[in-house]
Every structure is written in C-alpha cells, then in structure tokens.
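Chemist: Starting from these lines, generate the structure:
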Amino acid sequence: MRINTVERYSLLAAIACIILFVSGCAPKQTNYPAYEHPRETKWLAEDIDGKPVQGFAHIWMRLDKNGKIYGSGGCNSFRGEYSYTNGVFSTGQLAMTRKACSQNLNIQEFKFMQALEAVKTMENRNNMLYMEGPSNSLLFYKGH
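Modeler: Numbers count the residues shown, from 1 in each chain. Have a look, this model is predicted:
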C-alpha cells in the first residue's frame, strides 16, 4: 500500500495536532526553591487591601539583606530603606520616579505605596508574604 503526498501530509498534521493537544493538557508543575527569609527574594503583589491587583500591572518589591527596599508600583520604580526588628516592619521615606501612567494604574499604585508605607507586620507562610498595617494589607507571592 502506497501513501500519496496529500495523505502523508494529512497524517503528519493529525499526529502533530494530537501531540500538541496532549502536551497542552498535561498538568503544569512549578517547583519553587526553598528559602528561609523573605529577604533577597522578588515578591510579586497578589492583592492590595484584600483586592486583587488589576490589569497587567507588574507590582513587585525586593528586600535586601542590607536594609534596602526597591521595586515597582506598577508604573513607577521606588527605593528606600526598611527595618525589621523584633517582628516590626517599617520603611523610611521611599523615593519614587514620576512617569506618566493611566489614571487606573496611578490609583492602584497610590494604594500600594500607601499600604507599603503603613506595614507593621510581615509573615512568610507557604511561599506567600503577608504584610499588614493598622488598616492596610498586602499579599505577595514569590517571583522568579
């Protein structure tokens, strides 16, 4: 039995579709490396005051071992100093760039920065970083 060119390409296309379908259905596995302290980790904001981060804003922060904090509020970059002593977290005054952003992004960024500057407690649980202040909260997941 001889297969002509059209049948051969049709068979190859069908096999390729099956392979793509099956590989797309496989469960995705993410392995996060273990870490001991929230420092030296890029944290991506999950929610601000119990509300999910909106749009495609890439809000993140990093705390380094020398007491420096830096990141992005979604549009503007920020940096400054922080301390974490006897379970109490605080930041100094944070410097921030002043880029032109959309109104919605500006509002969300303002809420994020307001919450970050009010944070008093920080807890690292199940690869999530919980930060809370008197009336604000932030939730982060570990970035790559």
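Chemist: element containing the most centrally placed residue in the chain?
Modeler: By CA atoms, centre = their mean, the chain has its centre lying nearest to residue 44, at 2.0 Å. Residue 44 belongs to strand 42-48 when elements are defined using DSSP states H and E.
Chemist: Return stretch 74-93 as CSV; C-alpha atoms alone will do.
Modeler: The C-alpha coordinates for stretch 74-93 follow below in CSV (Å, rounded to 0.1, in the frame of the first residue of the first chain):
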residue,chain,number,x,y,z
GLY,A,74,3.2,49.0,38.5
CYS,A,75,4.4,52.1,36.6
ASN,A,76,7.0,53.9,38.7
SER,A,77,10.0,52.5,40.4
PHE,A,78,10.7,53.1,44.1
ARG,A,79,13.6,52.6,46.5
GLY,A,80,14.4,53.3,50.1
GLU,A,81,15.3,51.7,53.4
TYR,A,82,13.4,49.3,55.7
SER,A,83,13.9,47.7,59.0
TYR,A,84,12.6,44.6,60.5
THR,A,85,13.3,44.4,64.2
ASN,A,86,11.6,42.3,66.9
GLY,A,87,8.8,41.4,64.5
VAL,A,88,8.1,45.1,63.5
PHE,A,89,8.5,46.2,59.9
SER,A,90,8.9,49.8,58.9
THR,A,91,10.2,51.7,55.9
GLY,A,92,11.9,55.1,55.8
GLN,A,93,10.7,57.6,53.2
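Chemist: Rounded mean pLDDT for it, please.
Modeler: Averaging pLDDT along stretch 74-93 gives 93.
Chemist: Next: stretch 126-144.
Modeler: 92.
Chemist: before we move on, the earlier item: so what strands line up beside the next helix or strand after the strand holding residue 44?
Modeler: Per DSSP H and E, the first helix or strand lying C-terminal to strand 42-48 is strand 51-52. Its sheet considered, strand 51-52 pairs with strand 42-48 (antiparallel) by DSSP bridges.
Chemist: Thanks a lot, catch you later.
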